[in-house]
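[1] Just need the structure, nothing else, for what follows:
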Amino acid sequence: NAMVYILMFLYLYYGFFINLFKHNIYYEKNITPIQNKWIGVLSKFLVTYVPLVPALILLWAIFSAQAGNGLHRLEIVDEINSPVSIENYVHNFEAKTSLTDTVLPVYYLASYGGGLRASAWTMLLLDKLNNDTTLHFMDHTLAMSGVSGGFIGLALYNAIYNENPSASDRTDRIKRIGQENILAIELSYVMGYDLVREGIPFVPNLGPDRDRIAMNKYASLVTADTLLLHESYRKYWTSGYLRAHNRHLPVLIGNTTGTHGRHGIAFPLHVEKEQFDTIFPAAIDILSLPEKKSIRYLDAASSTERFPVFSPAAEIESK
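    Numbering: from 1, shown residues only. I've put the predicted structure just below:
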């Protein structure tokens, strides 16, 4: 239970500070001479410097935050020249849907945030809609867009849909993800290992942070295939689109929280910069990095559900 982690760390940090200050009070008021030399030195240290501990920790936290490090920097991977342009995508979609005997609606899906609850709700809802054979939901959905937990649900369901052709397998994967204690994993890092690493300035590579650990856990619950972990966002989506049984997969649009007055967009289709700026005004294309580089599929997803303090914003080199 996540509450166990919260209480454990509160007791740990409370114990650390309260023991220091109890010793400080004890030695400050102690009127009996201290016979042991080393205890005497320790008592003077505790009386003199313990009151400075909170101020020193605060100053170090401010300094390390300003100096920065690579804890939340996302991994850069090779990118592909996507063969799927917006024009090709729409043409293929229209050609496919025009072959049906009856006119079916075209769906556009927007999924809002709300943490793990939003993620689970989104996956369950998509699974329910997709299992209704009268709707042809995934076949007739042009685009799915989301933010925060809602987009994590969209991204995970897209991967589950790609990797698990059986409807029962997809439902089982969603249940396994919903029952996994991701919150406890993140809390153990946010109050423990990551908290310590936040205070280490200037180091460019401190290993994966809590969001990437959580994304790796999600990947293992979706499939045993490591491609989900290592391929770029655009490459993974494109490979799923090209191998889909009917050559269709909804465009998956991720939206990050705004930084510096602009928000980031993960858009899998091939677009030129001018075209991107027209479709998403005042936004940043987080997938297109110099030298044909990009970010991983699940890293792009994680960048949409980060917010300050609990999960600081992801850093993307050159963005």
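[2] What distance do you get for residue 1 to residue 69?
    To residue 69, residue 1 is 31 Å away according to Cβ to Cβ, to the nearest Å. Quick note: C-beta positions are derived from backbone N, CA and C, even for glycine.
[3] Near residue 148, how many other residues are there?
    21 (other Cβ atoms under 10 Å).
[4] does the nearest residue in space to it that is not next to it in sequence sit in a helix, a strand or a coil?
    Leaving aside its chain neighbours, residue 148 sits nearest to residue 113 (2.7 Å; criterion: Cβ to Cβ, 6 or more residues apart in numbering). Secondary structure state of residue 113, per DSSP: H, G, I helix; E, B strand; the rest coil, is coil.
[5] Then residue 39?
    Per three-state DSSP, residue 39 ends up helix.
[6] could you pull out the strands for the stretch 151-300 of the chain?
    251-255, 263-266, 283-285, 293-295 (DSSP state E, counting those that start in this stretch).
[7] Name every strand pairing with the longest strand belonging to the chain and say which way it goes.
    Counting residues, the longest strand found in the chain (DSSP state E) is strand 141-147. Using DSSP bridges, the strands paired with strand 141-147 in its sheet are strand 107-111 (parallel), strand 251-255 (parallel).
[8] Would you mind measuring from residue 148 to residue 281?
    According to Cβ to Cβ, residue 148 stands 22 Å off from residue 281.
[9] pLDDT below threshold where in the stretch 101-250 of the chain?
    Scanning the stretch 101-250 of the chain for pLDDT under 70 picks out 101-103, 245-246.
[10] most packed of the strands of the stretch 151-300 of the chain?
    strand 251-255 (a mean of 24; mean count of other Cβ atoms under 10 Å).
[11] Send me it as CSV with only the CA atoms.
    Written as CSV, here are the backbone C-alpha positions of strand 251-255 (Å, rounded to 0.1, in the frame of the first residue of the first chain):
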residue,chain,number,x,y,z
VAL,A,251,-3.0,9.1,-34.9
LEU,A,252,-1.8,9.4,-31.3
ILE,A,253,-1.2,13.0,-30.1
GLY,A,254,0.5,13.6,-26.8
ASN,A,255,0.3,17.0,-25.1
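[12] Need the contact partners of it.
    Identification of contacts with strand 251-255 by Cβ atoms under 8 Å, 6 or more residues apart in numbering yields 89, 142-147, 151, 154-155, 158, 233, 237, 263-269, 300-301, 303-304.
[13] what ranges do the helices span in this protein?
    When secondary structure is read from DSSP state H, the chain shows helices at 2-29, 37-49, 53-67, 86-97, 115-131, 148-163, 167-179, 182-188, 194-198, 210-222, 227-230, 233-243, 273-279, 297-302.
[14] for these, which one ends up most surrounded?
    Compared across the helices of the chain, helix 297-302 shows the largest average neighbour count, a mean of 27 (mean count of other Cβ under 10 Å).
[15] Please compute how far that one lies from its chain's middle.
    How far helix 297-302 lies from its chain's middle: 6 Å, per Cα atoms, centre = their mean, to the nearest Å.
[16] Likewise for stretch 75-94?
    On Cα atoms, centre = their mean, the centre of stretch 75-94 falls 23 Å from that of its chain.
[17] average pLDDT across it?
    On average, the pLDDT along stretch 75-94 is 90.
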